[in-house]
Structures are given as structure tokens and as C-alpha cells.
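Undergrad: just the structure for this:
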Amino acid sequence: MSRIITRSAALQLALRLGVAAALLIIVFKIALPADQEGKPGGLAALRAAFPSEGRAAWGWFALSFLVIGLGFVLNAWRFRGLLRASGMPARWAQLFRAYLVAGFFNLVLPGAILGDAYRVVDARRDTGRASSALGLIVLERLLGLSALGAIGLVTMPLVPLDEADAWLTWILFALSGSFLVGTFLTIYPRTNTMLRRVVGALSRISARVAESGDRVLAAVGGMWVRPRAILQTFGLSLISQGLLILSIWLLSQPLASQVDWYWFPVIVPFATLVSLVPISIGAAGVREYLYVTLFGAAGMEASSALALSLSVFAATLAWGLVGLAIFISGKGKTASAAPA
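TA: This next block holds a predicted model:
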């Protein structure tokens, strides 16, 4: 059984890598055509997208890097609020480090399962309640996606899509709606009880899985009587999305071709939502296609839109490397503390 699961995971990884590579090749050909009419083409066009001096470009990058870091700070604070509302006090510094490490895992691996799994293990060290911690992580993620979905639904009519790309609107509507409805159904007592019964039926296969699933859903449903904590988490999620939008706007400032600021609250949530579809690794290729398509429709040159997308990846990767360093140093401390 384990071999089948391993082969399936390897196949999914290979397929997603293939999709990412194919999309990147297509986008690079679209955004960086060969030299035409004396204009630079290929990688020269990508370099020409940054006409500012090196110091200026790195300065904007540094500002964006700090804003992304502020988002991690806010998210750790948000999760601590959920833990405290459930009677599980935790240290903010530990949650912050866990977020950074999870960010690295989520960047290099498909989906966010391993990153969340690391956060569960980390939270269990502080709280001693793994299932409850997992339930709150699930709730936090649902509320975060609901906030993003709410922004997507509000801005959807303003997204600059032509007829050829109109199908993306249906993806956005389906994702946004499913996040909002799914979150409500998971928390609402009646539907939460129904879900627990469904999970309980898994006891025929694995009593341990059924019991853990029931505890997770119980932790999520238990927050229904704490509406203040739910609303606070949702509100902080909205602010977190605002910081993401701001960080990407900052990255666009040194580019040769730009668009008005009001396009960013419209395009960034849309691109972020569609990038959640698990067909690639770290949204590679998907993000570039969406940026070239959407920012291009708003008036940004394709080479600049591609440069913006790659800058977003670079800033995310920079924080991912910070998370990797924390993870490695943590393993070193654990090893040095182990008895000989």
C-alpha cells in the first residue's frame, strides 16, 4: 500500500513539474519574443524591463521583502489568537518560526500539506494537543481562503479579461464560492455534526484516522460559539491579503512598464486564487501566465509583467530560504541536545 502511495505521489510531482515547465516555456515565448524592429528580445527584453539603477531596484525589493515579512508576523499573531480562544496558549515567536519553515515547504512542494503538517507538529510541542491544533490550522486556512474569496468576488467584475480568457471568471467564481460556503458548512454546528458522522464511518477502515478526524472537526466546530475569534481571524486575513497586494505593487515600481495602482487589488487576488489550483509546483508557470495575461490586459508590457511575476517568486523564495535556514538550525539544535 505504501509503495502505491509513494508511486502516486511521485507521478503527481512529475506531472506538476511537467505542467510548470510547459507553461513557463509558453509564457517566455509570448512575453520575450525575438528581436523585432530594433527592440530587444529574449532575455535582453527581460533585462530592459528594469531601467532603474540597481540600487533603486534592490531598494524596492527590500521594501517588498519587509512587507511580506510583516505578513508572516500578522499571520502568526492571527493563529495565536485562535489558539488562545480555544484555551491553548502558545508562544508567538515559535509560531512565527513555524510559519517561515512552513513557507519553505509550501514553496518547493505541491500543495500546502507538508507545511501545515510541520505547523501541527510544532504546535503540539507547545499545546500537547495535535488534533485540536490541526483543527485550528484547518479553520485558519479556511478563513484565510474565505477572505481571499470575498475579495475575489468583489473585484471579479473589474478583472480585465477578453473573451478568450473569460473561462477564468468561472474558475474564480467557483473557488471563491467554494471557500466561503465550505468554511461556513465546516463551522456551522449542524453540518459540522454531519461531517463528523461521515468521518466516523471511516472507523471501519481505521479507527485511529476516524478518531483524529473527529477531533479535528470538533475543534473547528467548537469555534462557532466564539464568533469574535472567527471575525478577528477573518479580518486579519483581509489585512494579510492587503499586505500581499502592497508587496507586489512595490515590486512593480522599478519596472519600465507600469499600470495604475488600482489594478493591483483587482488582479492580485484573482491571480492568487487561480494559482491555488494544484496543477503546478509553487504555482510556477500558472502565476507567470496570469500576470502576463491580466496585467497585459491592463496595459503593462508582457516583458514587464513577466519580470514582475519572477520578482514575486524571488521575494517568496528569499523568505523560503529564511525558513529553510531556521529549519536546518532547529534540527542542529535538536541533534546537539540529544544524549550521546
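Undergrad: for the longest helix belonging to the chain, the distance to its chain's centre please.
TA: Taking DSSP state H as the criterion, the chain has its longest helix at helix 302-337. Helix 302-337 sits 14 Å away from the centroid of its parent chain (Cα atoms, centre = their mean, to the nearest Å).
Undergrad: distance check, Val198 against Ser212.
TA: 14 Å (Cβ to Cβ, to the nearest Å). C-beta: built from backbone N, CA, C; applies to glycine.
Undergrad: oh, that last question was meant for Ser280, not what I typed.
TA: 30 Å.
Undergrad: cool, Ser303 as well?
TA: According to Cβ to Cβ, Ser303 stands 49 Å off from Ser212.
Undergrad: what does Phe65 give?
TA: 38 Å.
Undergrad: who's more crowded, those two?
TA: For Phe65 versus Ser212, neighbours defined as other Cβ atoms under 10 Å are more numerous around Phe65 (20 against 17).
Undergrad: wait, is the more buried one part of a helix?
TA: Yes. Applying DSSP: H, G, I helix; E, B strand; the rest coil, one finds Phe65 inside a helix.
Undergrad: got the contact list for it?
TA: Contacts for Phe65 (Cβ atoms under 8 Å, 6 or more residues apart in numbering) come out as 247, 315, 318-319.
Undergrad: same thing but at 6 Å, please
TA: Phe65 is in contact with 315, 318, counting by Cβ atoms under 6 Å, 6 or more residues apart in numbering.
Undergrad: how about Ile171?
TA: Ile171 sits next to Val274 when contact means Cβ under 6 Å, 6+ apart.
Undergrad: the closest residue in space to Ala302 that isn't next to it in sequence: how many residues sit nearby?
TA: Distances taken as Cβ to Cβ, 6 or more residues apart in numbering put Ala31 closest to Ala302, at 3.9 Å, once the chain neighbours are dropped. By other Cβ under 10 Å, 23 other residues sit near Ala31.
Undergrad: didn't Ala31 look like it was pressed against Glu301?
TA: No. Contact between Ala31 and Glu301 fails when scored by Cβ atoms under 6 Å: they sit 8.5 Å apart.
Undergrad: roughly how far apart are Leu195 and Pro33?
TA: The gap separating Leu195 from Pro33 is 51 Å, by Cβ to Cβ.
Undergrad: higher neighbour count, the two?
TA: When neighbours are counted by other Cβ under 10 Å, Leu195 and Pro33 differ, and Leu195 comes out ahead with 19 against 14.
Undergrad: next SSE after whichever helix or strand the more buried one is part of?
TA: Assessed by DSSP states H and E, Leu195 sits inside helix 189-200. Counting by DSSP H and E, the element after helix 189-200 in chain order, helix or strand, is helix 207-221.
Undergrad: ok, residues contacting that following helix?
TA: 131-132, 134-136, 138-139, 186, 192, 195-196, 199-200, 202-203.
Undergrad: buried set for the next helix or strand after it?
TA: The helix or strand immediately downstream of helix 207-221 is helix 227-252, counting by DSSP H and E. For helix 227-252, a neighbour-count test (16 or more other Cβ atoms under 10 Å) marks 229-230, 232-234, 236-237, 240-252 as buried.
Undergrad: which helices and strands does helix 227-252 pack with?
TA: helix 54-85, helix 130-155, helix 264-275, helix 302-337 (3 or more Cβ pairs under 6 Å, 6 or more residues apart in numbering; DSSP states H and E).
Undergrad: out of the ones you listed, nearest to Glu288?
TA: helix 302-337 (4.5 Å; Cβ to Cβ).
Undergrad: next, the buried residues of the closest one.
TA: 302-313, 315-316, 319-320, 322-324, 326-327.
Undergrad: also stretch 162-181?
TA: Of all the residues in stretch 162-181, those buried under the rule 16+ other Cβ under 10 Å are 168, 172, 175-176, 179-180.
Undergrad: residues in contact with Phe234?
TA: 143, 147.
Undergrad: please report the distance of it from Gly182.
TA: When Phe234 is compared with Gly182 (using Cβ to Cβ), they lie 14 Å apart.
Undergrad: by contact count, what packs against the strand or helix carrying Phe295?
TA: Following DSSP H and E, one finds Phe295 within helix 286-297. Packing partners of helix 286-297 (3+ Cβ pairs under 6 Å, 6+ apart): helix 2-31, helix 264-275, helix 302-337.
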